[in-house]
Each structure stands twice: as C-alpha cells, then as structure tokens.
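**Q** let's see this in three dimensions:
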Amino acid sequence: MAVQTSFPHERPAVAVETTGRGWWRITWSLARLVMVVLIAAATVEQGRLAMAVGAAAGIDASTAVLRLLSFFTVQSNLLAAAVLAWAGVRVLVGRRGQDSAALGVALAAVTTYMLVTGIVYNAVLRGAGDVGIMLGWSNDIHHVIGPAFLLLDLLIAPGRRALRWWSLLVVLVYPVVWAASTLILGPHLVSPSTGTTPWYPYPFLDPTTTPGGYAGVAGWDSGIAAVITGIGALVILVGRLRSRVRGRDRGDTARG
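**A** Coordinates of the predicted model:
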C-alpha cells in the first residue's frame with residue numbers, strides 16, 4: 001500500500017493564492033463594468049454633439065452618427081467596452097481562473113488600440129478637432145480616462161493571460177483594415193460639419209491637405225503603424241512578464 005507523504009495542512013497553499021484574492025477579482029471586474037458604462041455614456045454624448053454639429057451644417061442625423069462611428073477612437077472605445085464587459089461578466093458568473101486564450105488576445109488588442117488612441121490624440125490631435133465635439137467630459141473619457149484605465153488593466157488586473165508573440169499579428173489586423181477602408185472611402189464621404197467631400201476622420205489621413213499628398217499620408221501611416229506595432233509588442237511583453245512573476249510567486253508559496 002502506498003504511503004501518504006504529504007500532510008493535510010500543506011495542501012491549501014495554491015488554493016489560498018487562488019481564492020484569497022477573489023475579492024480583488026470581483027472588485028476589478030466591477031471596475032471594468034463601470035468603465036463600460038462610462039464609455040457607453042460618452043459615446044452617446046458624442047453622438048448627440050455630432051448630430052448638433054451636423055444639423056448646423058444641414059447634415060442629417062444618420063450621416064453625422066455614421067461619420068462619428070468612423071473614428072478610430074470611437075471604434076476602439078466600443079471594442080474596449082465590449083471586451084471589458086466580456087471579461088467583467090466572466091468573473092462575476094463564477095469563472096475565476098486565468099483568462100481564456102480568446103479573451104487574452106482580445107484584451108491585448110483593445111489595450112493596444114486604446115493606448116494608441118490616448119497617445120496620438122494627446123500628442124498630435126489635441127486642439128485640432130471640432131471644438132463642438134472634441135472637448136468636454138465625453139471626449140476626456142474616450143481619449144484620457146479610457147486609455148488610462150486600459151493601462152491599469154494591463155498592469156494590475158488579475159487573470160490576464162501570457163500570450164505567444166504571434167498574437168501581435170492578430171492585434172494588427174483591425175488597424176490595417178481600418179486605415180485601408182478609411183483611405184478608400186474618404187473621397188466619397190460627406191463631411192458632417194461642412195457638407196462637402198472628401199472627408200477623412202483625421203487630418204493626417206487627408207491627402208488634399210497633408211503636405212506631400214498621398215506620400216505624406218503614407219509617411220504618417222507608416223509612423224503610426226510603427227507606434228501600434230511597438231505598443232502591441234509592449235502589451236504582450238508586459239503580460240508575459242506578469243505571468244512569469246506570478247509563476248515565481250506560486251512557486252515560493254508552495255515551497256513556503
């Protein structure tokens with residue numbers, strides 16, 4: 001008969017690490033859901049402002065809202081809200097383990113997009129947009145508070161998964177598709193503030209006003225692509241480093 005060499009009081013070591021921080025998982029999940037509500041409220045307010053600006057220019061409400069939804073900022077915020085809701089509800093319904101692979105990639109993607117949104121807006125675009133839309137509390141949530149929250153989520157949220165480096169290719173798919181579709185559609189879109197064509201959501205994408213035309217736009221796109229790739233790589237790196245630290249902590253707990 002096999003002899004039992006472990007002692008009952010030794011077994012809960014890992015379990016304590018998992019359940020003892022359950023309060024933190026629930027707290028952060030609630031914080032994620034609060035952020036979802038803030039993003040939703042900010043997007044509704046941005047829609048109201050966009051319709052008001054469009055109405056002053058004789059643009060119908062549906063066109064104004066569609067133009068608003070064309071912004072990388074707005075799309076990134078909506079994607080972030082969807083993924084944060086997914087992550088928050090997942091924990092609250094009882095799934096307290098490590099994030100699934102799909103959720104891990106989705107969190108890395110929206111974290112990258114929101115950080116890019118915050119950096120590009122505050123470094124390049126602040127003060128350059130329509131003052132009727134690009135100011136106020138809703139604008140701050142989209143461009144400052146939201147990105148800051150996703151940065152915190154990357155650094156301290158429990159359960160975030162270490163990803164393989166190929167995940168970076170998945171993260172880059174959406175920005176590439178967004179940029180290509182924006183450049184293709186721009187010459188055919190009506191501006192919600194002037195009623196004229198072409199219309200591009202950001203001035204550095206407009207070849208009619210950017211120095212150098214399409215070559216100048218290509219330069220901006222290349223630079224921003226490099227920023228997105230670099231930030232995406234850093235997001236994945238941070239997740240891998242956090243996982244390595246958690247692994248060492250669990251090993252130290254088990255040995256202790």
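
**Q** give the burial count for Ala218, as a bare number.
**A** 14 (other Cβ atoms under 10 Å). C-beta: built from backbone N, CA, C; applies to glycine.

**Q** what's the average pLDDT for the host helix or strand of it?
**A** Using DSSP states H and E, Ala218 sits in helix 214-255. Averaging pLDDT along helix 214-255 yields 85.

**Q** same check, this time on stretch 38-49
**A** Stretch 38-49 comes out at a mean pLDDT of 95.

**Q** buried set for stretch 174-189?
**A** Using 16 or more other Cβ atoms under 10 Å as the burial criterion, the residues of stretch 174-189 that qualify are Tyr174, Pro175, Trp178, Ala179, Thr182, Leu183, Gly186, Leu189.

**Q** secondary structure, pLDDT and distance to Ala123 for the residues you listed - can I get that in JSON lines?
**A** JSON lines is the format used below for the buried residues of stretch 174-189 (DSSP: H, G, I helix; E, B strand; the rest coil; pLDDT from 0 to 100; distance: Cβ to Cβ, whole Å):
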{"residue": "Tyr174", "secondary structure": "helix", "pLDDT": "97", "distance to Ala123": "21"}
{"residue": "Pro175", "secondary structure": "helix", "pLDDT": "96", "distance to Ala123": "17"}
{"residue": "Trp178", "secondary structure": "helix", "pLDDT": "96", "distance to Ala123": "19"}
{"residue": "Ala179", "secondary structure": "helix", "pLDDT": "94", "distance to Ala123": "18"}
{"residue": "Thr182", "secondary structure": "helix", "pLDDT": "94", "distance to Ala123": "20"}
{"residue": "Leu183", "secondary structure": "helix", "pLDDT": "94", "distance to Ala123": "22"}
{"residue": "Gly186", "secondary structure": "helix", "pLDDT": "92", "distance to Ala123": "23"}
{"residue": "Leu189", "secondary structure": "coil", "pLDDT": "88", "distance to Ala123": "26"}
